[in-house]
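J.: Using only what follows, build the 3D model:
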Amino acid sequence: MTRTAKLTVIGLAFLLCGGSALVQSRLDRARQTVPPSELYEVVRKQINAFRSSDYASAYRQASSSFQERVNMEAFSDFARTEAPGAGRADRVEFGAVRFDGRHAFVPVYLFMADGDVVPCVYSLVREENGWKIDGTRLLKRWPAGRRLGGMRA
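T.: Numbering: from 1, shown residues only. As a prediction, the model looks like this:
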């Protein structure tokens, strides 16, 4: 192979890599242009539905794949017995959203009347008709009085 041919192959490889990096960068930016408030609203709707014991509305916030795995009756039983804290939280705060493809992960902090904080992570998926909740993972409860990070004003 001649020197010119080698340089041409190397140049084409650099162009291909550079083009791929640009395309990936644009895809990442487009994916993350979703305002976090749009995701927070989906979670807020489900929590408000739990507060009013409207399990059908809460179930409508779930993704189609979740609804295929869990029927309405099992969902409402779970909401009443295993996860009643979401509906009883005095205050709800949200953390920074993390995106992974068409999935988003939203940290949610449920502040309870007794001072405890229940942190959880909501997994949302982008479907044709908007963002839907695909699952929730409860984390270890923070007892009242535990100092949380951040600035106090």
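J.: bridging residues for the residue most central in space within the chain?
T.: The residue lying closest to the centre of the chain (Cα atoms, centre = their mean) is residue 105, at 2.5 Å. When bridges are called by DSSP bridges, residue 105 pairs up with residue 98, residue 123.
J.: next one: the helix or strand of the chain with the lowest mean pLDDT to chain centre, how far?
T.: Using mean pLDDT, DSSP states H and E, helix 3-31 stands out as the lowest-scoring helix or strand of the chain, at a mean of 74. Taking Cα atoms, centre = their mean, to the nearest Å, the mean C-alpha location of helix 3-31 is offset from the chain mean by 32 Å.
J.: helices or strands next to the next helix or strand after that helix in the packing?
T.: Using DSSP states H and E, the helix or strand that follows helix 3-31 in sequence is helix 36-51. Using 3 or more Cβ pairs under 8 Å, 6 or more residues apart in numbering; DSSP states H and E as the contact test, the elements touching helix 36-51 are helix 55-60, helix 85-88, strand 91-94, strand 103-111, strand 117-127, strand 130-138. Every residue, glycine included, has its C-beta placed from N, CA and C.
J.: Give the buried residues for helix 36-51.
T.: 39-40, 42-43, 46-50 (16 or more other Cβ atoms under 10 Å).
J.: Tell me the one of those nearest residue 119?
T.: residue 43 (13.2 Å; Cβ to Cβ).
J.: Surely the closest one is in contact with residue 95?
T.: No: between residue 43 and residue 95 there is no contact, the gap being 11.3 Å when judged by Cβ atoms under 8 Å.
J.: what do those two both touch?
T.: Counting by Cβ atoms under 8 Å, 6 or more residues apart in numbering, the common neighbours of residue 43 and residue 95 are 106, 108.
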